[in-house]
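[1] using only what follows, build the 3D model:
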Amino acid sequence: MGRVFIAGSINMDVVATADRHPKVGETVAGKQVHYFPGGKGANQAVAAAKLGAPSTLIGRLGTDAFGQQLRQFLTAQGVDLALVKDTADVHTGTAIITVADADNTIVVVPGANALVSAEDVAAPMLSKGDVAVSQFEIPQPTIGAFFKQARAAGATTILNPAPAMACGPELLELVDIMILNETELGFLTATPLADTDAPARFIEAARRLPTGADKTICVTLGKRGVLALVGGEPSLIAGRAVKAVDTTGAGDCFVGALAAQLANGKSIRDAIEYANAAASICVQRMGAAPSMPTAAEVAALRG
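    Modelled structure (predicted):
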């Protein structure tokens, strides 16, 4: 069995719920405020751990109250935090999230996440069969150093290029599997996309990503499911009909679930179908990291 190593962000999510999102310059009355552990790195690490893979998180926390609470939570979820550093004089990453009618808007303030360094990601001893995962909530040079180390060790690399931002081809060349949503795909390919577009339009855009034909690309499409390009061959895995409550952690659940399945020796196609099922459970609960399902829940759903 391989292991999952996630270099990424750790945030406290401050979530306000409302009937609708405010327009620019408008104030609306909220319903509730919640404090949920989050951050794309932490979410993905929790998903992988709860779905049965040894999961190690590499990142940074502040020495504030949020940092202490997040460390306690992640430890309780079975995530190995030996490579998470406490950093003085900087606040723990924080996300301000508004949830209305199951959709969300998010403002992320990086804090300690912005200080995750190449030195930090040099610590894990990766080996063949391991899976190295990262996202764009830590500095890109750090991700590049992490993936170079993974490649040298024969590990599989997974990039979730979120939030969407420009990146150079030298980083993308180090990626074996890219997992992104239609917004990120549209940004990286300079293609206007909507979630109602035909699958062929997403396939066309995905083929324009500056990755080799041998790479795997997964485009998560919410309730429509997942469009996958595996070895250049497209397939659409249909979404599951569920009542979504909060979609905040769904993409991270998919990433962590897929990484866990690959670490456990499953094929890429089996891993994609499994991750699609896991994400459908995640969206039926509030919060990001706390909404990640267990392996038993996914098994029960898949029959």
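[2] list the buried residues for the helix or strand where Ala82 lies?
    Assigned by DSSP states H and E, Ala82 belongs to strand 80-87. Neighbour counts using 16 or more other C-beta atoms under 10 Å place 80-81, 83-85, 87 of strand 80-87 among the buried residues. Bear in mind the C-beta positions are built from the backbone N, C-alpha and C, glycine included.
[3] what does the residue lying closest to Val84 once chain neighbours are set aside show for phi and psi?
    The spatially closest residue to Val84, leaving aside those adjacent along the chain, is Gly59, at 5.3 Å (C-beta to C-beta, 6 or more residues apart in numbering). Torsion angles at Gly59 (phi, psi; degrees, to the nearest 10) stand at phi -180, psi -160.
[4] one more: the one 4 residues further on?
    Here the main-chain torsion angles of Thr63 (degrees, to the nearest 10) amount to phi -100, psi 20.
[5] how deep is it tucked in, by neighbour count?
    As a burial measure, Thr63 scores 15 neighbours (other C-beta atoms under 10 Å).
[6] was I right to think it contacts Asp86?
    Yes: here Thr63 lies in contact with Asp86, judged by C-beta atoms under 8 Å, at a distance of 5.2 Å.
[7] show me the contacts for the spatially most central residue of the chain.
    Note on the chain: the residue nearest the mean C-alpha position is Asp252, at 3.0 Å, using C-alpha atoms, centre = their mean. Residues near Asp252 by C-beta atoms under 8 Å, 6 or more residues apart in numbering: 40, 43-44, 47, 160, 288.
[8] in which helix or strand would I find it?
    helix 250-263.
[9] chain center to that helix, what's the gap?
    Mean-position distance between helix 250-263 and its chain equals 8 Å (C-alpha atoms, centre = their mean, to the nearest Å).
[10] could you dump it to CSV, C-alpha only?
    The C-alpha coordinates for helix 250-263 follow below in CSV (Å, rounded to 0.1, in the frame of the first residue of the first chain):
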residue,chain,number,x,y,z
ALA,A,250,-16.8,18.6,-2.8
GLY,A,251,-13.8,19.1,-5.1
ASP,A,252,-11.4,18.4,-2.2
CYS,A,253,-13.3,15.3,-1.3
PHE,A,254,-12.9,14.1,-4.9
VAL,A,255,-9.2,14.8,-4.9
GLY,A,256,-8.5,13.1,-1.6
ALA,A,257,-10.7,10.1,-2.4
LEU,A,258,-9.0,9.6,-5.8
ALA,A,259,-5.5,9.9,-4.2
ALA,A,260,-6.5,7.3,-1.5
GLN,A,261,-7.7,4.8,-4.1
LEU,A,262,-4.5,5.1,-6.1
ALA,A,263,-2.4,4.7,-3.0
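[11] any idea which helix or strand comes after that helix?
    Using DSSP H and E, the next helix or strand after helix 250-263 towards the C-terminus is helix 268-282.
[12] who are the packing partners of that next one?
    Applying 3 or more C-beta pairs under 8 Å, 6 or more residues apart in numbering; DSSP states H and E, we find helix 268-282 packed against strand 216-220, strand 225-230, strand 233-238, helix 250-263, helix 295-302.
[13] just the ones you listed: most buried one?
    helix 250-263 (a mean of 29; mean count of other C-beta atoms under 10 Å).
[14] so what strands line up beside the strand holding Ala82?
    strand 55-62 (parallel) (DSSP bridges).
[15] between helix 250-263 and the partner strand, find me the angle.
    140 degrees (axes from the mean of the first three to the mean of the last three C-alpha atoms, to 10 degrees).
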